[in-house]
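S.K.: predicted coordinates and the sequence they were generated for:
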Amino acid sequence: MLTKNLYLFIIALLFCARVFAQSQTFYYNAHGKQVAGPDSAAYKRVLTLSDTVAQTTMFNFTDYYNDGKIRLTGKTSQLKGNVLEGRCVRYYPSGNMEQIANYTLGMMNGTTYDYYPNGKLYRVVKYEVQRPTPNSFVEKMPLIITCNDSTGAPLATNGNGEYMGYGADFKTIAEQGYIKNGLKVGQWQGQINNEKQHLKFGFNESYEDGKLNSGKSTDDDGTEHYYTARNVIPIFTGGERAFSQFLRDNIRYPKRDRENNIQGKVFVSFVVEKDGKLTGFKVLRSPGESFSAESLRVLNMSPNWSPSLWYGHPVRLEFTVPINFSLRGQ
């Protein structure tokens with residue numbers, strides 16, 4: 001006889017197969033946000049239920065440019081998301097291959113091949129994701145195995161030689177330097193022109209075995225910014241423990257929810273401005289309106305955070321925090 005759990009599993013599979021008997025189509029703009037239809041879309045995604053049996057439901061998908069050419073194909077573990085899984089292949093609008101990569105829960109994991117728009121191999125990079133605990137992942141520093149110029153001539157082979165990092169359009173050199181055993185070494189330099197953050201500067205950095213020892217970015221007006229990490233995420237003054245204490249001191253459990261033993265997590269996104277002020281609060285997920293209202297009330301009381309830093313420059317960054325409402329121990 002079938003056990004109850006196995007019976008339910010089979011029913012779930014049959015339900016998914018029924019739902020996906022035919023493919024489903026979603027539309028997205030150039031920033032990856034879902035839109036209502038093709039008129040405002042930069043590409044469309046066609047999904048079908050994957051034939052792979054796993055603990056997590058998987059979907060085969062193919063993205064198409066508006067002219068019908070393939071943009072991206074592979075697997076995803078989210079119906080409307082971008083959590084890529086396994087081997088995924090990207091293509092330029094011309095139809096030439098752009099990238100072959102492998103993913104684990106949306107993170108690159110394994111050997112990735114990137115190509116120039118003209119079809120020549122640009123670089124080979126090895127990524128590694130480790131899982132120290134069932135609920136956590138750590139991305140190790142990627143190793144640069146190969147780098148070629150646009151004619152296919154080698155600049156670096158077997159992890160040794162010169163590396164050229166380009167902007168998205170391959171028209172500008174974003175960074176350049178030397179690698180040894182796949183890691184950055186010595187002096188590196190580059191140029192950044194980010195219109196979204198209104199930043200334009202050059203930078204010089206010093207590396208040892210892939211570790212950034214020091215960096216200096218210089219604006220067009222000569223202003224210098226010093227850093228030891230290219231990207232620094234926003235943080236509540238005093239760190240995570242201080243933020244947890246701030247929440248404990250100010251959160252009031254909604255009375256009716258307490259009486260009805262309702263619990264759950266509220267996920268709130270907001271923007272940490274360049275001066276550390278929090279703006280643009282949005283509740284992404286919540287067990288109820290009262291929990292959402294209480295979370296927003298408390299977050300609006302928050303003092304300024306330490307802002308995100310990019311090459312030593314303060315920048316605006318969207319951030320998401322979970323706020324847990326639990327009756328345990330109360």
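M.R.: On my side now, so go ahead. Numbering: from 1, shown residues only.
S.K.: end to end, how far does stretch 90-97 reach?
M.R.: One end of stretch 90-97 sits 6 Å from the other (Cα to Cα, to the nearest Å).
S.K.: confirm that residue 39 sits in a helix.
M.R.: Yes: using DSSP: H, G, I helix; E, B strand; the rest coil, the assignment for residue 39 is a helix.
S.K.: who touches it in this structure?
M.R.: Contacts for residue 39 (Cβ atoms under 8 Å, 6 or more residues apart in numbering) come out as none. The way it works is simple: take the backbone N, C-alpha and C, and place the C-beta from them, glycine included.
S.K.: distance of it from residue 66?
M.R.: For residue 39, the distance to residue 66 equals 10 Å [Cβ to Cβ, to the nearest Å].
S.K.: for burial, what's the neighbour tally of residue 253?
M.R.: 16 (other Cβ atoms under 10 Å).
S.K.: not counting sequence-adjacent ones, nearest residue to it?
M.R.: Distances taken as Cβ to Cβ, 6 or more residues apart in numbering place residue 325 nearest to residue 253, at 6.3 Å, with adjacent residues excluded.
S.K.: ok, residue 156 - contacts?
M.R.: 144, 146, 147, 162, 163, 179.
S.K.: farthest pair in those?
M.R.: 146 and 162 (11.6 Å; Cβ to Cβ).
S.K.: kindly provide the distance from residue 37 to residue 29.
M.R.: Distance from residue 37 to residue 29, by Cβ to Cβ: 11 Å.
S.K.: those two: who's more crowded?
M.R.: Using other Cβ under 10 Å as the criterion, residue 37 and residue 29 rank with residue 29 on top: 12 against 9.
S.K.: phi and psi next, for that one.
M.R.: Dihedral angles of residue 29 (phi, psi; degrees, to the nearest 10) stand at phi -90, psi -180.
S.K.: check what pLDDT it gets.
M.R.: Model confidence at residue 29, given as pLDDT, is 90.
S.K.: residue 7 now?
M.R.: The predicted local confidence for residue 7 is 46.
S.K.: now do residue 239
M.R.: 93.
S.K.: relative to residue 208, how far out is it?
M.R.: 28 Å.
S.K.: ok, residue 320 next?
M.R.: Using Cβ to Cβ, we find residue 320 at a distance of 34 Å from residue 208.
S.K.: then residue 86?
M.R.: With Cβ to Cβ as the criterion, residue 86 and residue 208 are 35 Å apart.
S.K.: with residue 323 instead?
M.R.: From residue 323 to residue 208 the distance is 41 Å (Cβ to Cβ).
S.K.: correct me, but the residue nearest to residue 253 touches residue 258?
M.R.: No: under the criterion of Cβ atoms under 8 Å, residue 325 makes no contact with residue 258, lying 9.0 Å away.
S.K.: who's more crowded, the two?
M.R.: A count of neighbours by other Cβ under 10 Å puts residue 325 above the other of residue 325 and residue 258, at 21 against 14.
S.K.: OK, contacts around that one?
M.R.: Counted by Cβ under 8 Å, 6+ apart, residue 325 has contacts 251, 253, 254, 257, 263, 264, 265, 266, 287, 291.
S.K.: what secondary structure does the second one sit in?
M.R.: Okay, so that is residue 253. Applying three-state DSSP: residue 253 is coil.
S.K.: next one: the fourth one
M.R.: At residue 257, secondary structure determined by three-state DSSP is helix.
S.K.: which residue packs closest to residue 181, ignoring adjacent ones?
M.R.: residue 159 (5.1 Å).
S.K.: measure the one you found to residue 100 for me?
M.R.: Counting by Cβ to Cβ, the gap from residue 159 to residue 100 is 19 Å.
S.K.: buried sites along the longest strand belonging to the chain?
M.R.: For the chain, the strand with the greatest residue count under DSSP state E is strand 183-194. For strand 183-194, burial by neighbour count (16 or more other Cβ atoms under 10 Å) applies to 183, 184, 185, 188, 190, 192.
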